[in-house]
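In: Sequence and predicted model, in that order:
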Amino acid sequence: MYRTHNCGELRAAHIGQEVTLSGWVQISRDLGGMTFVDLRDRYGITQLVFNMDDNSDLCSTARKLGREFVITATGIVAERASKNPNRPTGDIEINIASMEILNESKVPPFTIEDESDGGDDIRMKYRYMDIRRAPVRNSLIFRSKLAIETRKHLADQDFVEVETPVLIKSTPEGARDFVVPSRMNPGEFYALPQSPQTFKQILMVAGMDKYFQIVKCFRDEDLRADRQPEFTQIDCEMSFVTRDDILDTFEGLTKHLFKAMLDVDLPDFPKMSYDEAMERYGSDKPDVRFDMELVNITEETRGHDFAVFDNAEHIGGICAKGIAADYSNKDLKNITEWVMRPQIGAKGLVYIKYNEDGTIKSTIGKFYDDDTLNAWKEKFGAENGDIVFIMSGEKEKTLKRLNELRLEMGRKLGLMDGKVFKPLWVVDFPLLEWDEDSERFHAMHHPFTAPKKEDEARMLDGDHETMKSLKADAYDLVINGAEIGGGSIRIHDRALQQKNFDLLGFTREEAEDQFGFLMGAFEYGAPPHGGIAFGFDRLCAVMNGQSSIRDFIAFPKNTSGRDVMIDAPSRVDNDQLQELSIALDIKEDKK
Ligand code: ASP
């Protein structure tokens, strides 16, 4: 028998019992007469004691145990002289009478401890050792439990989990497809799903009524920080529902998951329109854990001969509370440089420092006297002791930059408590985005999203300008500034769907070729329907107050889209390519 117990379960109540444990050697300490070994498995760490006086051969073997050796050992549970209150098993240790080395280990390339000294790539290459570390292991266990809770809750609400195919035809969700050649159909390709969008809609036409699936999705995007080319969604769709039916259902799921996993009671989720989110936060995924809202002072600044402001479309700012006394000129210079980095792209940063003693220091003091600057205080909700930061320029860009600045100040001032959760629904997104470069409309969510009911007639009859103002029946769930989920009420009528494809620049043939099956299905009794998909990896990370999804994915890809453990992607041999009818122009010897 390899074990009577695991390494995390023995307590004072077991004292005197003979037990057998198996696991990995975390560390071995030789204190002359005694050798202490910390033995680790998935469940915890237990201290083993080898005593020279009891068995010198055994003790000598124990001295030679290296890190990550796999052993099995038998002995008697004893009370520890010096207890370790930080460990659940810290009251006891095991006096070992026999031990067998099951497998040796080379010296691991990084420390297998909570805080590892291993960089990302080395940890990913040896992910099996990384997963032995408690933070990664616990993240994966959390993920597993979250998936089980999701399934339980949705099944209780009559949702049916349906698996949709992985080898499909392209679904336009805005990214590139991964394609898979078909051997049996030379020259033709499948695409991996960017999401099961069209299938779940077809399932609604098929009368399944409530569908969900915890499902892998694939998007061949340039990897931005913390994006993965394959990721997981909790994908859902419902029939005969309004927007609010969907929001209620998934607010319910979210609340349930927070309660079951974290014992957190979430407040009701407020709804905020996209326009309001952009005005107040400069972002469609506002972090509402803290205020520091964007203030528009375009009108107030006009007519003071300050050309920069007079010529700008938008002038806005934020008020950072209580920092005037601590914020040195160096700090101000640093934050100015920060917003002027290419990633943010601001041309400069204006500040107004309202000192405690009532004096004012500002970069625009030449153009605006103290009375004027004092008059702005109310608008910003500023008091003496605060600093107001102002940016100007084209409206959309300025709002986005102010959002970045707001988040940076929030981080600096410690306003983003990882234990506080502030969810909200962002609703009423624009249906279409006009892209100046390609002179085309893009779907803001995806081409199957319905306009709001009151905009339907305008969509069918309106002119080009009208199309820019159409609102979609689309929504996002945002928690602590992260987009956790998004969805929409769908078009379920052939004519409207056709009109949307027209607007998006599809020719009739292209639309028919790519989505004829869906529009065809709409002609055979399609019920009104809508749905949502949650980013499952992101949900795991946000619930744990973490900004990265990496450690919630067992085998993630690096920022170049590579799996460095198995070394993929990789070349395949010529025969295989020929079988797939793929022409070769890469020389074999280049390998
Ligand atoms: N398929 C959409 C997405 O992946 C979600 C939805 O509309 O349900 O974002």
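Out: Noted; the coordinates are in hand.
In: for the closest residue to the ligand within the stretch 351-500 of the chain, phi and psi?
Out: At 3.8 Å from the ligand, Gly487 is the closest residue in the stretch 351-500 of the chain, using CB to the nearest ligand atom. The way it works is simple: take the backbone N, C-alpha and C, and place the C-beta from them, glycine included. Dihedral angles of Gly487 (phi, psi; degrees, to the nearest 10) stand at phi -170, psi -170.
In: For it, give me its contacts.
Out: 236, 246, 445, 474-475, 530-533 (CB atoms under 8 Å, 6 or more residues apart in numbering).
In: Adding secondary structure, write the residues you listed out as CSV.
Out: As requested, the contacts of Gly487 are exported to CSV (DSSP: H, G, I helix; E, B strand; the rest coil):
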residue, secondary structure
Cys236, strand
Ile246, helix
His445, coil
Ala474, strand
Tyr475, strand
Gly530, strand
Gly531, strand
Ile532, strand
Ala533, strand
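In: any idea which of the residues you listed is least confident?
Out: Within the set of those, pLDDT is lowest for His445 (93).
In: so what's that residue closest to, chain neighbours aside?
Out: Ala474 (4.4 Å; CB to CB, 6 or more residues apart in numbering).
In: Quick one: the helices in the stretch 351-500 of the chain, in order.
Out: 370-380, 395-412, 456-461, 464-468, 494-503 (DSSP state H, counting those that start in this stretch).
In: and among those helices, the most buried is which?
Out: helix 395-412 (a mean of 19; mean count of other CB atoms under 10 Å).
In: Show me what that helix is packed against.
Out: Under the contact criterion of 3 or more CB pairs under 8 Å, 6 or more residues apart in numbering; DSSP states H and E, helix 395-412 touches helix 274-281, strand 314-320, helix 329-339, strand 387-393.
In: Go again with 7 Å.
Out: On a contact count with 3 or more CB pairs under 7 Å, 6 or more residues apart in numbering; DSSP states H and E, helix 395-412 meets strand 314-320, helix 329-339, strand 387-393.
In: pull the CA atoms of stretch 319-333 into PDB?
Out: What follows is stretch 319-333, C-alpha atoms only, in PDB (Å, rounded to 0.1, in the frame of the first residue of the first chain):
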ATOM      1  CA  CYS A 319      -9.300  64.700  -9.400                       C
ATOM      2  CA  ALA A 320      -6.900  62.700  -7.200                       C
ATOM      3  CA  LYS A 321      -7.900  63.200  -3.600                       C
ATOM      4  CA  GLY A 322      -5.500  64.200  -0.800                       C
ATOM      5  CA  ILE A 323      -2.200  63.800  -2.700                       C
ATOM      6  CA  ALA A 324      -1.200  67.500  -3.100                       C
ATOM      7  CA  ALA A 325       1.100  67.500  -0.100                       C
ATOM      8  CA  ASP A 326       2.900  64.200  -1.000                       C
ATOM      9  CA  TYR A 327       3.200  64.700  -4.700                       C
ATOM     10  CA  SER A 328       6.600  66.200  -5.500                       C
ATOM     11  CA  ASN A 329       7.600  67.900  -8.700                       C
ATOM     12  CA  LYS A 330       9.400  64.600  -9.600                       C
ATOM     13  CA  ASP A 331       6.200  62.600  -9.100                       C
ATOM     14  CA  LEU A 332       4.400  65.100 -11.400                       C
ATOM     15  CA  LYS A 333       7.100  64.800 -14.000                       C
END
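In: got a list of contacts for it?
Out: For stretch 319-333, contacts defined as CB atoms under 7 Å, 6 or more residues apart in numbering pick out 292, 351, 353-356, 380-382, 385-389, 409, 413.
In: average pLDDT across it?
Out: Here the average pLDDT along stretch 319-333 is 95.
In: Show me how far that stretch is from its chain's centre.
Out: 32 Å (CA atoms, centre = their mean, to the nearest Å).
In: Flag every buried residue along that stretch.
Out: 319-321, 323-324, 327, 332 (16 or more other CB atoms under 10 Å).
In: Could you find which two of these are furthest from each other?
Out: Lys321 and Leu332 (16.1 Å; CB to CB).
In: how about TSV for the helices of the stretch 351-500 of the chain, with distance to Thr74 added?
Out: Formatted as TSV, those follow (distance: least, CB to CB, whole Å):
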stretch	distance to Thr74
helix 370-380	70
helix 395-412	52
helix 456-461	74
helix 464-468	75
helix 494-503	69
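In: Which one of the ones you listed lies nearest to Val308?
Out: Using CB to CB, the helices of the stretch 351-500 of the chain put helix 395-412 closest to Val308, at 12.0 Å.
In: what residues does the closest one touch?
Out: Helix 395-412 has contacts (CB under 7 Å, 6+ apart) with 278, 281-283, 287, 290, 292, 294, 313-314, 316, 318, 320, 338-339, 344-346, 389, 391-392, 416, 481.
In: Filter those down to the buried ones.
Out: Buried among the contacts of helix 395-412 by 16+ other CB under 10 Å: 278, 281-283, 287, 290, 292, 294, 314, 316, 318, 320, 338-339, 344, 346, 389, 391-392, 416, 481.
In: re the thing from before, just the buried residues out of the contacts of stretch 319-333, in ChimeraX syntax.
Out: To isolate the buried subset of the contacts of stretch 319-333 in ChimeraX, counting by 16+ other CB under 10 Å, use the following:
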select :292,351,353,354,380,382,385,386,387,388,389,409
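In: Among the contacts of stretch 319-333, which one lies nearest to Pro108?
Out: For these, the nearest to Pro108 is Leu413 (39.4 Å; CB to CB).
In: Now do the contacts for that closest one.
Out: Here Leu413 is in contact with Ala320 (CB under 7 Å, 6+ apart).
In: And it, its phi and psi?
Out: phi -90, psi 10.
In: do the same with Phe290
Out: Taking degrees, to the nearest 10 as the convention, Phe290 sits at phi -140, psi 160.
In: That one - nearest residue in space that isn't next to it in sequence?
Out: In space, Phe290 is closest to Leu415, 3.7 Å off (CB to CB, 6+ apart).
In: list the contacts for Tyr524?
Out: Contacts of Tyr524 (CB under 7 Å, 6+ apart): Val205.
In: Understood, closing this out.
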